[in-house]
Every structure is written in structure tokens, then in C-alpha cells.
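>>> sequence? don't have it. structure:
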């Protein structure tokens, strides 16, 4: 499902268009009175922050508040068995412009499933999300990132993996998690985190602050694909989407 485009991203798109119209220098725009702001030229580095295993009302709710304060969108892959009791939170998630996908119903290894069981794990979760949010694509992230030819065929949509994994589930060391992302991230990465741990929420918001200061723009996975000039394809696995070389 399509999310809102972050204000920060829209501003960067605008500035890039202005720069193309006027050469290499950025256009100063008036901000009331004589004040002006210099808009940066050139494309901003993009990154997609993604969260698995939720929702969990306490941690996911706090994360949503922090992302909203920073005007940042992300992508959530939800476990179906956790949805009951979190319907309002999921509606809030969608209303804020976050992309929502499926992480199966019971967080199972989908390569071990028959077609019938696969359809139950994925289809049941998709049905729950459709009841709450209305019909949508609801892309699949396979638990553990493991797929085979059957999963690719049965998914009936894109499959989202990742390119940066801080393994935030291993410990509660927020500093280690932050460093594991910020020391390795680059333009076009998809970051894997989990919104069911307090330490992961703290780390995620810290990561956002650091990367915003570096000039990164946070987008959903779907937006990342679009901004790279591509169309999402059924049965394709997405990890990182690097900018095209000149």
C-alpha cells in the first residue's frame, strides 16, 4: 500500500528540480521577512528503515511517536498473531504514511510449508490487514530471510529482504546497535530492525537522528523502489537499491 511522502523528501525533490532549472547553485527561498534558506542541490541519499515481528503496543506506539516527531516514514512487517488488540495502532501506522507488510501469521520458516499452509500463514495475515485497512498489496518479508522457488512463486508480490542487519535481537546494547547501522549504511540500503524491543526503539530513533544529520532521507521500501526509477515486481527479492551510476 502506498504511504505518504515525507515532507523532508518532498523538499529535496523540489530543491533538485530548482537546481536543475537554475544550474548548480541552490535557489534561496524566502521564509518570511528577509530570511532565506539555502536548499541543497543534488539527490539526497536514501535509506529504508524496516521493522519486523510487531506490532507491540508499548514499543511500537513509542516508535511511531518518535518517527512522527522526526517526519520519517518506515516499513513494518507484521506478524498476524500479534494483530488482535493492536488494530488502532495499525490504523495509526497507516495514517502516518508507513508501509505495512506481512511477516507471516506465526513467524514460521515458510520454506517448510505446503502450499496450503503457506496460504494460511500469508493469506490469513493479509485478510486481517485488509479488514483493518482495506484491500492492499501488503508485501511479504519471509522470516529469517529464507526463500526458495516455491515461496517466490506463491508470494504473489515482491519479497523484501535487507542489506543492513544490526542483529538488534541479540542484546539490549543500544550503542552497539546504533554503530552496527551507522558505520555500515550507504545510499539505497534497507535496514532490518525489530519494533518489539525497547532497546531497538531507542537505537532506531538514535539512528534516524544521526542519518538525518548526514543528509539521508528515510523512505518506505515502495518509495525507495519508485525513486530508483523501478516498478515493484512480483516474485522479485529486494535487498538494497543503489543509485544508478552516471
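Now that the structure is in, tell me what you want to look at. These numbers come from a predicted model, not from an experiment. Residues are numbered from 1 along each chain as shown.
>>> buried stuff in the host helix or strand of residue 124?
Assessed by DSSP states H and E, residue 124 sits inside helix 115-133. Neighbour-count burial for helix 115-133 flags 118, 120-122, 124-126, 128-129, 132-133 (criterion: 16 or more other Cβ atoms under 10 Å). (C-beta placed from N, C-alpha, C; glycine too.)
>>> now residue 171, what are its backbone angles?
phi -150, psi -180 (degrees, to the nearest 10).
>>> residue contacts, it?
The neighbours of residue 171, taking Cβ atoms under 8 Å, 6 or more residues apart in numbering as the test, are residue 199.
>>> what comes into contact with stretch 191-210?
47-56, 59-60, 62-63, 66-67, 70, 72, 76, 162-166, 168-169, 171-174, 177-178, 181-182, 185, 218.
>>> just the buried ones among those, please.
47-56, 59-60, 62-63, 66-67, 72, 76, 162-166, 168-169, 174, 177-178, 181-182, 185, 218.
>>> return the subset of those residues lying in strands.
Among the buried ones among the contacts of stretch 191-210, the members found in strands (DSSP state E) are 47-52, 76, 218.
>>> dump these to TSV, plus pLDDT.
Shown next, in TSV, are those (pLDDT from 0 to 100):
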residue	pLDDT
47	98
48	98
49	98
50	98
51	98
52	98
76	98
218	98
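>>> and which of these is nearest residue 230?
residue 48 (13.3 Å; Cβ to Cβ).
>>> so the closest one sits right up against residue 220, yeah?
Yes - between residue 48 and residue 220 there is a contact at 6.4 Å, judged by Cβ atoms under 8 Å.
>>> what touches both of these two?
Common neighbours of residue 48 and residue 220 (Cβ under 8 Å, 6+ apart) are 74-75.
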